[in-house]
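**Q** just to be clear, the model below is a prediction. Sequence and coordinates:
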Amino acid sequence: MPDRRDLALSQYDISPMAYRELYYFCLQYGEMRQRLSDIYCVGSGRISAMPKGTDISDSTAKKAMAAVQLRKNIELIERAARQADDEIDGYILRNVTEGAGYTYLRHALGMPCGRNKFYKARRKFFYILYKNRGN
């Protein structure tokens, strides 16, 4: 985060390191959605006469467990954005998951709120996400 300042979330009792953990968790949102999509694609295991190991593995079960965890994390981020402000939740999501700045959201995408309301909602988003992750 060399060109970005950390949010001051001490009023919410969130340390700078906890904020960075949440920040980087949110940046993985696109990757999580892509991995979830990839899990649902049809695939097959390698067919070979050579044994690969001694354990019995169920690739379908592994994929299902990974899908459940990914879906849970995606829903956690989306729910926190809705709870922070359901009027601008899509804009909050673009900001925290893609790094889209206020100016871009306001002028290019037509976000219907001012700077103060947006930044207050973003701080609230991180507070809600912090609490919902079990901290």
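**A** Thanks, I have the structure now.

**Q** tell me which other helices or strands the longest helix anywhere in the chain touches.
**A** Determined from DSSP state H, the single longest helix within the chain is helix 59-84. If you count contacts as 3 or more Cβ pairs under 8 Å, 6 or more residues apart in numbering; DSSP states H and E, helix 59-84 packs onto helix 16-27, helix 29-39, helix 89-98, helix 115-132. C-betas here are computed from N, CA, C, even on glycine.

**Q** what's the offset of that helix from the middle of its chain?
**A** Centroid separation for helix 59-84 versus its chain: 9 Å, with Cα atoms, centre = their mean, to the nearest Å.

**Q** let's number from 155 now, not from 1
**A** Done: numbering now begins at 155, and the last item shifts to helix 213-238.

**Q** now it: buried residues?
**A** If you call a residue buried by 16 or more other Cβ atoms under 10 Å, then helix 213-238 has these buried ones: 224, 227-228, 230-231, 234-235, 237-238.

**Q** so which of the helices and strands packed on helix 213-238 is the most packed in?
**A** A comparison of the helices and strands packed on helix 213-238 by mean neighbour count, using mean count of other Cβ atoms under 10 Å, puts helix 243-252 on top with a mean of 20.

**Q** before we move on, the earlier item: dump the helices and strands packed on helix 213-238 to TSV, plus mean pLDDT and distance to Ser213.
**A** TSV is the format used below for these (pLDDT from 0 to 100; distance: least, Cβ to Cβ, whole Å):
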stretch	mean pLDDT	distance to Ser213
helix 170-181	92	27
helix 183-193	94	11
helix 243-252	96	29
helix 269-286	95	31
